[in-house]
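Colleague: A predicted structure for the sequence below; I have some questions about it.
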Amino acid sequence: MKYIVNRRLTYEGTLLAGGLFFIFTAVGLVVYPLWFARDAFRTVATVVQLAEVRGIDDGRSQVSYAPVFSYVDKRGVQHTVQYRVSSRPSLYSVGQKVTLHVSPNNPYDFVLVSRQIS
């Protein structure tokens, strides 16, 4: 009987740990963009290129496309940055405008806020 009680506690502990993990992850996904936006500046960027990203899916070589954005910071310096997310087919087109929140300390640290249709 003692073995069954211990096993049940292990099962419940695993469920509790898994639940807490998902709760903290969900809170982090909501809070991080808000925290990041506090210090970041907002700017409009233009998609200037669709970079090919090669990978393997089900043992076959696949190509997806990551947008490359160009924007001007508060000091008037132009930056070109590649988004970390790629897709196939591309969700973006060259010339499309997007809104970014960019870190004032690192021009390559940004969060995509919105996609605008062009």
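Modeller: Perfect, thanks for sending it.
Colleague: heading toward the C-terminus, what's the first helix or strand past the helix or strand containing E12?
Modeller: Per DSSP states H and E, E12 falls inside helix 2-39. The first helix or strand that comes after helix 2-39 along the chain, using DSSP H and E, is strand 41-57.
Colleague: for that next one, which positions count as buried?
Modeller: Within strand 41-57, the residues that qualify as buried are 43, 45, 47, 50, 53, counting by 16 or more other CB atoms under 10 Å. For the C-beta atoms, the positions are set from N, CA and C on the backbone; glycine is no exception.
Colleague: Only the buried residues of the helix or strand that comes right after it, if you could.
Modeller: On the C-terminal side of strand 41-57, the nearest following helix or strand under DSSP H and E is strand 60-72. Using 16+ other CB under 10 Å as the test for burial, strand 60-72 gives 64-69, 71.
Colleague: pLDDT of strand 60-72, averaged?
Modeller: Averaging the model's pLDDT scores along strand 60-72 yields 94.
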